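> quick one: sequence and predicted model below, then my questions.
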Number of protein chains: 2
Amino acid sequence: MGEKGHAAIVTVGSELTYGLRLDTNTRDIASRLSRLGYTVAEAVSVADDLHALATTLKRLCAAYPLVVTTGGLGPTHDDLTREAAAKSLDLPLERDPKLMRWLESVAARHALGKASEQVFRQAEVIQGARVIRPTIGTASGQVVPTSAGKLVLLPGPPQEMSPMLDEIFGDAERSSTRILRCAGITESDAQVAVQEVLEEHPDISLTVLASPSLVDVVLVEHGHGDDIADAAVDAAAALGSHVYASDGRSLAEVVLDDAAQLGVTIATAESCTGGMLSAALTDVPGSSRVVRGGVVTYSNELKMSLLGVRQALLEQNGAVSASVAEAMAAGAAETLGADLTLSVTGVAGPEGGTDEKPVGLVWFGVAYRGETSSFSRRLPGDRAGVRTRAVVAALDAARKALGG
Amino acid sequence: MGEKGHAAIVTVGSELTYGLRLDTNTRDIASRLSRLGYTVAEAVSVADDLHALATTLKRLCAAYPLVVTTGGLGPTHDDLTREAAAKSLDLPLERDPKLMRWLESVAARHALGKASEQVFRQAEVIQGARVIRPTIGTASGQVVPTSAGKLVLLPGPPQEMSPMLDEIFGDAERSSTRILRCAGITESDAQVAVQEVLEEHPDISLTVLASPSLVDVVLVEHGHGDDIADAAVDAAAALGSHVYASDGRSLAEVVLDDAAQLGVTIATAESCTGGMLSAALTDVPGSSRVVRGGVVTYSNELKMSLLGVRQALLEQNGAVSASVAEAMAAGAAETLGADLTLSVTGVAGPEGGTDEKPVGLVWFGVAYRGETSSFSRRLPGDRAGVRTRAVVAALDAARKALGG
């Protein structure tokens, strides 16, 4: 890293400093710049305040060869980034005649009547800047030379920001980073396993990121060597079948790809996850080639009427049990006509837990080409956490059933 | 605002500056501090780098009466916030004997064998600091007096950070902020409608935040008057039935509360949303009192076998049509036995669009106590955007059907 030097990111908007909105631009830009070899030294969010913004930009532009801002490029009086950037660099703002004509034509096309003076604020360009025309919206980006390097101004809405990021920085190869995505292993076990093999790879640093039930093992090459590919192979070997993807695919994508390759169709029968498992699968474009459908049987009546679960089973063992999970999976295979069916039945909480069946206990059923099996997990977390982890556990069971 | 002065937030971690993880702590802390009357002047993310972190903390602690950090309080060599804070304030770190004993007992309880020297790094406290003991995890928080006010160190994992935030800052009333949550109205229409009534309320500022198909109208009182309640009433009147909540509830919660009050049960029949509508409803604790279940009929065969949609309808009008949406809703009422059933059938993309039925076209069916109706929307965005917007449109249709 560091070949291209240090960079800073500035996200502009009072909605960020009021805590009204989550900032995703910092992550997206930081990820892009890191992959290009920059070291992002700091990322700052500031309010729509001319003085504060100009002070921040002045400090960062003096310190770093690359500063990227998002937000504050629209037409309203709150949009102050152009003005603040000009002030911080001691450069004048000029109205770009080409941008003026374009904004006039856009206003005419949208029948906005009088294209107000406000709209034309978006034609103001810092002297010497390169203008990045928008493909979405009317806010242009700007690339401004600074004494230390350059200042890049991008609009705030992610769908407007992202194409400009592509245009300016290209779509970089992850040359110095590898991410091994794992399921069914804890963060600390993954850490220990990989740390050991990395003793052979002194230039590679390790970060382990955990989201509910999933672990990303991130390897970054710090030297100028080319050890990253070998390190990734060794780390993958240490992690074994816990690795489900090294190419950025999600667990649902891996399951769907494996199923498509085998010509297997999938269906779901959900209780506590309430449709989340089906939603995760159908989130993937083209999933209709594999996914037949699913049922959400929240009530016991529907478990009986839609999936043919026998009343005696529900009464003897309760809805959260191995036998009901298996009966749901087998019933779904019948009702929904799929080769592989997954069932989930558990106590998501916060209510409904007992000593015997506490909140977090989830039973899973898998029926695959006539064979039915089940397993249970005691999942930690609140309602959302239990549901999310249950979806991951079901998808990982599908991956294993398909031989992954 | 500003009664309590300015504040800064620092989120620590190379996973943030590498862009590997989304920072939600800044939003959560900024929201809390704003409600308490602080003005968050800047929020900074920095890498796990002792020098960079100490420099940032020194600058911010000199400038602001309140600085809150998250992250870097764990046991590993990457956890540098204690050391950096001590350095920036020119104060020594001391091992707290009570914390040492507690960490020993935790290690013994978890049978970690030799409680390593690493673990005891978490007992290091800045001289003069108040220790905030963790309710989750082993990383303590610290509140350190500074010349300008105080520096608060909190752990990074949101579930560890959040209880400490409560303990230190209390659970503030939203004294100076009101949020009107709206559906079925565009960001700019909401802006225009509310701007007009705010002419009568000069101390109230307006921010309009849009997420797919939902708009939050945020009113913030800037003076020391007490005009916020009246302004919120006037704004709500201007927005009419588009306002679905002024108490922070989600649209799904409003639908479930309305249904529970009327004694109405709900079920869903989904095609393009693939379970997301059902997942959104069952995401709410206690939803099992209202939600019976749902079906995801991705294939036409399942629309026929599970919902009784006639083959002739599918052949004549296609799956994405008013008549199939209505037949799905009516069939779901039959199959799932609910008072109110919602159906969704559309083209989520990226494939499957035609000139007549383009990507983004979605038909909705509503069956309520024997009456069935349908409507369509042409929804913008990519696959995820179309699906998310379709869920919102279906929930808003349920709200209206229930008289909301």
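Arrived safely, thanks for sending.
> output the below-cut-off pLDDT ranges for the stretch 1-150 of chain A.
A:1-4, A:109-115 (pLDDT under 70).
> surely A:Val194 and A:Val218 touch.
No. A:Val194 is not in contact with A:Val218 according to CB atoms under 8 Å; the separation is 9.9 Å. Placement of C-beta: from N, CA and C, glycine included.
> so which of those two has more stuff around it?
In terms of neighbours (other CB atoms under 10 Å in any protein chain shown), A:Val194 is the more surrounded of A:Val194 and A:Val218; the figures are 23 against 20.
> for that one, list the residues it contacts.
Applying CB atoms under 8 Å, 6 or more residues apart in numbering or on different chains to A:Val194 gives the contacts A:Leu206, A:Val208, A:Val217, A:Leu219, A:Ala235, A:Ala238, A:Leu239.
> quick check: beta-bridge partners of A:Val40?
Following DSSP bridges, A:Val40 is listed with bridge partners A:Ala7.
> contact partners for A:Ser205?
Listed by CB under 8 Å, 6+ apart, the contact partners of A:Ser205 are A:Leu219, A:Val220, A:His222.
> of those, buried ones?
For the contacts of A:Ser205, a burial check counting by 16 or more other CB atoms under 10 Å in any protein chain shown picks out A:Leu219, A:Val220.
> any chance of the contacts of A:Ser205 in a markdown table, plus secondary structure, pLDDT and distance to chain B?
Shown next, in a markdown table, are these (DSSP: H, G, I helix; E, B strand; the rest coil; pLDDT from 0 to 100; distance: CB to the nearest CB, whole Å):
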| residue | secondary structure | pLDDT | distance to chain B |
| --- | --- | --- | --- |
| A:Leu219 | strand | 90 | 12 |
| A:Val220 | strand | 84 | 7 |
| A:His222 | coil | 72 | 11 |
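> reformat the contacts of A:Ser205 as CSV; add distance to B:Arg399.
Converted to CSV, these look like this (distance: CB to CB, whole Å):
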residue, distance to B:Arg399
A:Leu219, 48
A:Val220, 48
A:His222, 54
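> for A:Ala333, state which of the contacts of A:Ser205 is nearest.
Nearest to A:Ala333 among those is A:Leu219, at 40.7 Å by CB to CB.
> which non-adjacent residue is nearest the closest one?
A:Arg178 (4.6 Å; CB to CB, 6 or more residues apart in numbering or on different chains).
> secondary structure class for the one you found?
Here A:Arg178 is recorded as strand under DSSP: H, G, I helix; E, B strand; the rest coil.
> what sits against A:Val324?
With CB under 8 Å, 6+ apart, A:Val324 has these contacts: A:Lys303, A:Val309, A:Leu313, A:Leu314, A:Asn317, A:Gly318, A:Thr345, A:Trp363.
> give me the buried entries from the residues you listed.
A:Lys303, A:Val309, A:Leu313, A:Leu314, A:Gly318, A:Thr345, A:Trp363.
> helices of the stretch 251-400 of chain A, residue ranges please.
Counting by DSSP state H, counting those that start in this stretch, the stretch 251-400 of chain A has helices at residues A:251-262, A:276-282, A:300-307, A:311-317, A:322-336, A:383-401.
> residues contacting the residue lying farthest from the centre of chain A?
No residue in chain A sits farther from the centre than A:Ala312, which is 43.5 Å out by CA atoms, centre = their mean. For A:Ala312, the contact set (CB under 8 Å, 6+ apart) is empty.
> measure it to chain B for me?
Plainly put, A:Ala312 is 21 Å away from chain B if you go by CB to the nearest CB, to the nearest Å.
> next: A:Ala232.
Here A:Ala232 is placed at a distance of 16 Å from chain B (CB to the nearest CB).
> residues of the stretch 251-400 of chain A that sit close to chain B?
By CB under 8 Å from any CB of the partner chain, the part of the stretch 251-400 of chain A that sits against chain B consists of A:268, A:270, A:273-279, A:281-283, A:285-288, A:291-299, A:301-302, A:305-306, A:335-337, A:349-352, A:383-384, A:387.
> so among the residues you listed, which ones count as buried?
Neighbour-count burial (16+ other CB under 10 Å) is assigned, among those, to A:268, A:270, A:273-279, A:281-283, A:285, A:287-288, A:291-299, A:302, A:305-306, A:335-337, A:349, A:352, A:383, A:387.
> who's in contact with the closest residue in space to A:Ser373 that isn't next to it in sequence?
Distance criterion CB to CB, 6+ apart; nearest residue to A:Ser373, sequence neighbours excluded, is A:Val366 at 5.3 Å. A:Val366 is in contact with A:Ala329, A:Leu340, A:Thr341, A:Leu342, A:Ser343, A:Thr372, A:Ser373, A:Ser374, A:Ala397, A:Ala398, A:Ala401, counting by CB under 8 Å, 6+ apart.
> so how do I select the buried members of those residues in PyMOL?
Buried residues within these, by 16+ other CB under 10 Å, are selected in PyMOL with:
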select buried, chain A and resi 329+340+341+342+343+372+374+397+398+401
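> quick one: the helices in the stretch 51-200 of chain A, in order.
Using DSSP H, counting those that start in this stretch, the helices of the stretch 51-200 of chain A run over A:81-89, A:97-109, A:117-120, A:158-169, A:187-198.
> which strands or helices does the second one pack on?
In this structure, helix A:97-109 makes packing contacts with helix A:117-120, judged by 3 or more CB pairs under 8 Å, 6 or more residues apart in numbering or on different chains; DSSP states H and E.
> for the residue nearest to A:Glu160 when sequence neighbours are not counted, grab the count of nearby residues.
The shortest distance from A:Glu160 to any non-neighbouring residue, by CB to CB, 6+ apart, is to A:Gly137 (4.5 Å). A:Gly137 has 16 neighbouring residues, counting by other CB under 10 Å.
> could you measure from A:Gly137 over to A:Ser241?
Distance from A:Gly137 to A:Ser241, counting by CB to CB, to the nearest Å: 46 Å.
> what residues does the stretch 101-250 of chain A have near chain B?
Of all the residues in the stretch 101-250 of chain A, those lying near chain B are A:Thr207, A:Leu209, A:Asp216, A:Val218, A:Val220, going by CB under 8 Å from any CB.
> in TSV: the helices of the stretch 251-400 of chain A, plus mean pLDDT and distance to B:Glu104.
Shown next, in TSV, are the helices of the stretch 251-400 of chain A (pLDDT from 0 to 100; distance: least, CB to CB, whole Å):
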stretch	mean pLDDT	distance to B:Glu104
helix A:251-262	96	39
helix A:276-282	97	41
helix A:300-307	95	49
helix A:311-317	96	44
helix A:322-336	97	41
helix A:383-401	95	30
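> looking at these, which is closest to B:Pro145?
The closest of the helices of the stretch 251-400 of chain A to B:Pro145 is helix A:383-401. By CB to CB, the value is 36.3 Å.
> for A:Asp166, give me the pLDDT.
According to the prediction, A:Asp166 has pLDDT 86.
> tell me how many other residues crowd A:Glu334.
12.
> name the nearest residue to it, ignoring sequence neighbours.
A:Gly308 (6.6 Å).
> what about that neighbour, distance to B:Asp23?
A:Gly308 is 48 Å from B:Asp23, by CB to CB.
> same question for A:Cys182.
To B:Asp23, A:Cys182 is 23 Å away according to CB to CB.
> and stretch A:200-218, what's buried?
Residues of stretch A:200-218 classed as buried by neighbour count (16+ other CB under 10 Å): A:201, A:203-210, A:212-218.
> inside strands: which ones of these?
Using DSSP state E, A:Ile204, A:Ser205, A:Leu206, A:Thr207, A:Val208, A:Leu209, A:Ala210, A:Leu214, A:Val215, A:Asp216, A:Val217, A:Val218 are the members of these that sit in strands.
> quick check: the farthest pair among these?
A:Ile204 and A:Leu214 (21.6 Å).
> check contacts around the residue lying closest to A:Arg399 once chain neighbours are set aside.
Once flanking residues are discounted, A:Arg399 sits nearest to A:Val255: 5.3 Å by CB to CB, 6+ apart. Contact analysis of A:Val255 by CB under 8 Å, 6+ apart lists A:Ile266, A:Leu281, A:Leu395, A:Ala398, A:Arg399, A:Leu402, A:Gly404.
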